[in-house]
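Participant: coordinates for the following, if possible.
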Amino acid sequence: MAVLFYFLICVPERDNVMLSTTLSVEAETSGRFKLFRTTPETTEFNKLRKRLNRLTLQAMKDFSMAAASAKWLVCLSGGKDSWAMLGILLDLKNRGDLPVDLLACNLDQGQPGFPANTIPDFLDACEVRHRIEFRDTYSVVTEKIPAGKTYCSLCSRLRRGNLYRIAREEGCSAVVLGHHREDILETFFLNMFHGGHLAAMPPKLLNDTGDLAVLRPLAYCAETDLARYAAALEFPIIPCDLCGSQDGLNRNLMKEFLGEMERKTPGRKDTILRALAHVKPGHLLDRNLFDFVELSPKSD
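Facilitator: Numbering: from 1, shown residues only. From the prediction side, this is the model:
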């Protein structure tokens, strides 16, 4: 059966090019298989694939992520985590376990040397619906942040604002991010050690205006598993040359801290993750969460 392709190219203003790819139903279905054209036929990979699918489904169930007929903007940076997320979500959709429409999206932030054609060429070859947009946030970040300071905070805010806008333009109800188990744990310890408060990355939240959900379906997935998955499927990995290139980041120190803890006591990361889901406010010191004033012995 012949497959028809329709391409829509929109140029809203100079140097900000948006590319939307619309595929027929037949192409969308075949695309889910083409993405897995290099899938290893090994017991080890099959176990890895099943584990990641199971953990992702569990996270979506635990945090009520998937709603029938919803449309998700799947944010694709080009790193191993977001590529793995796209593969897992398409796999689940193909198996009938994910009743949502998926649109892959890459925001080209204008970083020098970024291979602009790598992601769209790969997605085109796999017949995966996508949108590519260029916004030079790199220049803004490097202009506003003094040399030697961390870029992550401003870069993240600018990227998130653009992704929210794109999601609205595409009629999406959710922005889906590739943060995994280690990202959540590192954020928790960063906030505790450097921010003086207990907070991590919630697997599901609403944006400030309340019109979009932000989802992290890989919340239970291990970073090492995602790396092995992305490598096995031969995704074209693009390293981050902005925040990822900076030395001495506190997040890197947290990664080393957790890695050493896991080496000494295997399974510790999963234990800490479970702890974040079983909070006892009365055993902490936050007077906004627990009424210590009314806590007094009963009199006869």
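
Participant: just checking, what packs against the longest helix along the chain?
Facilitator: Using DSSP state H to define each element, the chain has its longest helix at helix 43-62. Counting by 3 or more CB pairs under 8 Å, 6 or more residues apart in numbering; DSSP states H and E, the packing neighbours recorded for helix 43-62 are helix 80-94, helix 223-232. No exception for glycine: its C-beta is placed from N, CA and C like everyone else's.

Participant: any idea which of those gets closest to Cys172?
Facilitator: Of all those, the one in closest proximity to Cys172, counting by CB to CB, is helix 80-94 (13.4 Å).

Participant: report the contact partners of the nearest residue to Pro203 once chain neighbours are set aside.
Facilitator: Here the nearest residue to Pro203 in space, its sequence neighbours aside, is Ala219; by CB to CB, 6 or more residues apart in numbering that works out to 4.1 Å. Contact analysis of Ala219 by CB atoms under 8 Å, 6 or more residues apart in numbering lists Ala59, Phe63, His179, His180, Arg181, Ile184, Met201, Pro203.

Participant: what does stretch 39-56 rub up against?
Facilitator: Outside stretch 39-56, the residues within contact range by CB under 8 Å, 6+ apart are 84, 88-89, 91-92, 95, 97, 217-218, 220-221, 225-226, 228-229, 232-233.

Participant: what subset of the residues you listed is buried?
Facilitator: If you count burial by 16 or more other CB atoms under 10 Å, the buried members of the contacts of stretch 39-56 come out as 84, 88-89, 91-92, 217-218, 220-221, 225-226, 228-229, 232-233.

Participant: quick check, nearest of these to Phe188?
Facilitator: Of all the buried ones among the contacts of stretch 39-56, the one sitting nearest Phe188 is Tyr220; the distance, using CB to CB, is 14.7 Å.

Participant: quick check: which element contains the closest one?
Facilitator: Taking DSSP states H and E as the criterion, no element holds Tyr220; it sits outside all helices and strands.

Participant: am I right that it is in contact with Arg181?
Facilitator: Yes: when contacts are counted by CB atoms under 8 Å, Tyr220 is listed as touching Arg181 (6.2 Å).

Participant: which neighbours do those two have in common?
Facilitator: Between them, Tyr220 and Arg181 share these contacting residues under CB under 8 Å, 6+ apart: Leu273.

Participant: look up how far Gly195 lies from the residue nearest the centre of the chain.
Facilitator: Taking CA atoms, centre = their mean as the criterion, Gly178 is the residue nearest the geometric centre of the chain, at 1.6 Å. Gly178 sits 23 Å away from Gly195, taking CB to CB, to the nearest Å as the criterion.

Participant: so, low pLDDT: which residues of this protein?
Facilitator: Within the chain, the set of residues satisfying pLDDT under 70 comprises 1-33, 143-154, 240-248, 300.

Participant: how about 50 then?
Facilitator: Within the chain, the segments meeting pLDDT under 50 span 1-15, 17-31, 244-248.

Participant: tell me where it has strands.
Facilitator: Under the criterion DSSP state E, the chain carries strands at the ranges 5-13, 16-23, 70-75, 100-108, 130-134, 174-176, 204-206, 213-215.

Participant: neighbouring strands of the fifth one in the sheet, and parallel or not?
Facilitator: It refers to strand 130-134. In the sheet containing strand 130-134, the strands it pairs with under DSSP bridges are strand 16-23 (antiparallel), strand 100-108 (parallel).

Participant: might you calculate how far that strand sits from the centre of the chain?
Facilitator: When C-alpha coordinates are averaged (CA atoms, centre = their mean, to the nearest Å), strand 130-134 and its chain have centres 17 Å apart.

Participant: what inclination does it have with respect to helix 80-94?
Facilitator: 150 degrees (axes from the mean of the first three to the mean of the last three CA atoms, to 10 degrees).

Participant: and Asp225, how far is that from Phe63?
Facilitator: If you go by CB to CB, the gap between Asp225 and Phe63 works out to 20 Å.

Participant: endpoints of stretch 284-299, how far apart?
Facilitator: 26 Å (CA to CA, to the nearest Å).

Participant: now what about it, what contacts it?
Facilitator: Contact with stretch 284-299 is made by Leu198, Pro281, Gly282, as judged by CB under 8 Å, 6+ apart.
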